[in-house]
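Novice: got a sequence here, can you build the structure:
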Amino acid sequence: MSYREGKVFHLDELEQKPDKGVGVFFDKSNEDELKELWRKTLMSGMHGICFSMYEDSQKPGDTISEAQVERRIKILKPYTNWIRSFSCIEGNEHIPILAKKYGLKTLVGAWLSDDKDKNEEEIEALIQMANEGYVDIAAVGNEVLYRKELTLEELLAYMKRVRKAIPSHIDVGYVDAYYEFSVHPELVENSDVILSNCYPFWEGCPEEYALNHMQQMYGQAMAAANGKKVIITEAGWPSKGEAFKGSIPSEANAMKYFINSQRWAKATNIELFYFSSFDESWKVGPEGEVGAYWGLWDKTETLKF
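Specialist: This is a model prediction of the structure:
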């Protein structure tokens with residue numbers, strides 16, 4: 001996920017106190033108290049987490065071993081009910097298989113781009129894994145419209161192909177920013193479930209207003225969904241890196257955002273996949289320094305706080 005050009009919000013429309021009374025004010029919390037609440041929140045369990053695949057010196061395009069994936073699945077198992085993966089090839093196919101081995105549910109993504117040959121590999125692998133019982137929700141593409149690598153018509157063709165090829169009880173959807181479902185009602189029409197990324201950080205929102213802003217993002221996706229379930233497929237805050245407008249990466253802000261997003265999701269029964277599990281150094285290139293610091297665990301697989 002990266003900066004959404006042209007997306008703006010008005011700070012005077014947001015509140016520091018989120019609705020439903022689920023947000024925490026941290027004004028009087030010292031560092032030790034904040035870390036204690038962060039750890040308590042993590043230990044209470046998450047609905048889902050996005051799987052970070054790559055160790056230091058690895059990057060997309062590298063083939064990752066089954067042993068590496070299993071080691072990381074075992075780390076995450078005590079804290080989450082679902083695992084979200086982003087691709088079905090180059091070792092990513094191990095993720096849903098091993099998640100199922102350890103009793104976790106799976107949101108499995110086929111990574112789509114302007115590389116049509118790779119797209120064929122991804123789609124066929126997703127279909128195969130779904131038919132073999134390793135997929136609970138199938139995500140056909142991730143932000144490919146935002147990146148302008150496929151047209152809407154091309155994307156819908158892939159979605160329809162997967163829907164036709166896998167069992168009807170497996171929901172099929174497409175992952176993109178919350179507002180894309182308002183812009184493209186065809187996405188809603190061809191989705192069983194709405195898979196929405198919500199990042200106050202990338203819209204320059206200060207952390208103290210971030211939960212309220214994410215609630216508005218979710219509300220916009222709900223308004224477009226025509227009664228279909230909306231799942232937040234990515235929501236997170238980096239612990240280090242460059243500021244983006246009013247969004248300040250820091251350990252304290254990352255802890256606060258995690259605590260409040262989890263409290264809100266649980267209080268309102270919203271299915272939320274936190275982004276992300278482990279820091280990944282390769283993301284420094286696409287997103288700047290901040291890209292490498294979205295994990296709850298650092299790049300050595302050690303809990304940050």
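
Novice: CA only for contacts and neighbour counts going forward, please
Specialist: Will do.

Novice: any chance you could map the strands in the stretch 1-150 of the chain?
Specialist: Using DSSP state E, counting those that start in this stretch, the strands found in the stretch 1-150 of the chain span residues 46-50, 80-85, 105-110, 137-142.

Novice: now do the stretch 151-300 of the chain
Specialist: Taking DSSP E, counting those that start in this stretch, the strands of the stretch 151-300 of the chain run over residues 171-177, 194-197, 230-235, 272-274.

Novice: name the helices or strands packed onto the second one?
Specialist: Pointing back at strand 194-197 there. Other helices and strands packing on strand 194-197, by 3 or more Cα pairs under 8 Å, 6 or more residues apart in numbering; DSSP states H and E, are strand 171-177, helix 207-224, strand 230-235.

Novice: again, only this time at 10 Å
Specialist: In terms of contacts (3 or more Cα pairs under 10 Å, 6 or more residues apart in numbering; DSSP states H and E), strand 194-197 is packed against strand 137-142, strand 171-177, helix 180-183, helix 185-189, helix 207-224, strand 230-235, strand 272-274.

Novice: got these as TSV, with mean neighbour count, mean pLDDT and distance to Tyr199 columns?
Specialist: What follows is these, written out as TSV (neighbours: other Cα atoms under 10 Å; pLDDT from 0 to 100; distance: least, Cα to Cα, whole Å):
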stretch	mean neighbour count	mean pLDDT	distance to Tyr199
strand 137-142	26	99	15
strand 171-177	24	98	8
helix 180-183	18	97	13
helix 185-189	17	98	20
helix 207-224	21	96	7
strand 230-235	23	98	6
strand 272-274	27	98	11
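
Novice: okay if I get the ones you listed as a markdown table plus distance to Asn30?
Specialist: Below are the helices and strands packed on strand 194-197 laid out as a markdown table (distance: least, Cα to Cα, whole Å):
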| stretch | distance to Asn30 |
| --- | --- |
| strand 137-142 | 38 |
| strand 171-177 | 34 |
| helix 180-183 | 39 |
| helix 185-189 | 44 |
| helix 207-224 | 16 |
| strand 230-235 | 25 |
| strand 272-274 | 24 |
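
Novice: right, and these - which one's nearest Gly23?
Specialist: helix 207-224 (7.5 Å; Cα to Cα).

Novice: any idea of the angle that closest one forms with strand 171-177?
Specialist: Interaxial angle, helix 207-224 versus strand 171-177 (axes from the mean of the first three to the mean of the last three Cα atoms, to 10 degrees): 140 degrees.

Novice: dump helix 207-224 to PDB, restricted to CA.
Specialist: C-alpha atoms of helix 207-224 as PDB (Å, rounded to 0.1, in the frame of the first residue of the first chain):
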ATOM      1  CA  GLU A 207      -2.500   9.200  14.900                       C
ATOM      2  CA  GLU A 208      -4.800  10.700  17.500                       C
ATOM      3  CA  TYR A 209      -7.500  11.000  14.800                       C
ATOM      4  CA  ALA A 210      -6.600   7.800  12.900                       C
ATOM      5  CA  LEU A 211      -9.200   5.500  14.400                       C
ATOM      6  CA  ASN A 212     -12.000   7.900  13.700                       C
ATOM      7  CA  HIS A 213     -10.700   8.200  10.100                       C
ATOM      8  CA  MET A 214     -10.600   4.500   9.700                       C
ATOM      9  CA  GLN A 215     -14.100   4.200  10.900                       C
ATOM     10  CA  GLN A 216     -15.100   6.600   8.200                       C
ATOM     11  CA  MET A 217     -13.200   4.600   5.600                       C
ATOM     12  CA  TYR A 218     -15.000   1.500   6.700                       C
ATOM     13  CA  GLY A 219     -18.300   3.300   6.600                       C
ATOM     14  CA  GLN A 220     -17.700   4.400   3.000                       C
ATOM     15  CA  ALA A 221     -16.900   0.800   2.000                       C
ATOM     16  CA  MET A 222     -20.100  -0.400   3.800                       C
ATOM     17  CA  ALA A 223     -22.200   2.200   1.900                       C
ATOM     18  CA  ALA A 224     -20.900   0.900  -1.400                       C
END
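
Novice: which elements pack onto that helix?
Specialist: Counting contacts by 3+ Cα pairs under 10 Å, 6+ apart, helix 207-224 is packed against helix 180-183, helix 185-189, strand 194-197, strand 230-235, helix 251-268.

Novice: which one of the ones you listed lies nearest to Asp115?
Specialist: That would be helix 185-189 among the helices and strands packed on helix 207-224, by Cα to Cα, at 21.3 Å.

Novice: which other residues reach the closest one?
Specialist: Residues outside helix 185-189 that contact it (Cα atoms under 10 Å, 6 or more residues apart in numbering) are 152-153, 155-156, 159, 173-175, 180-182, 191, 193-195, 221, 224-228.
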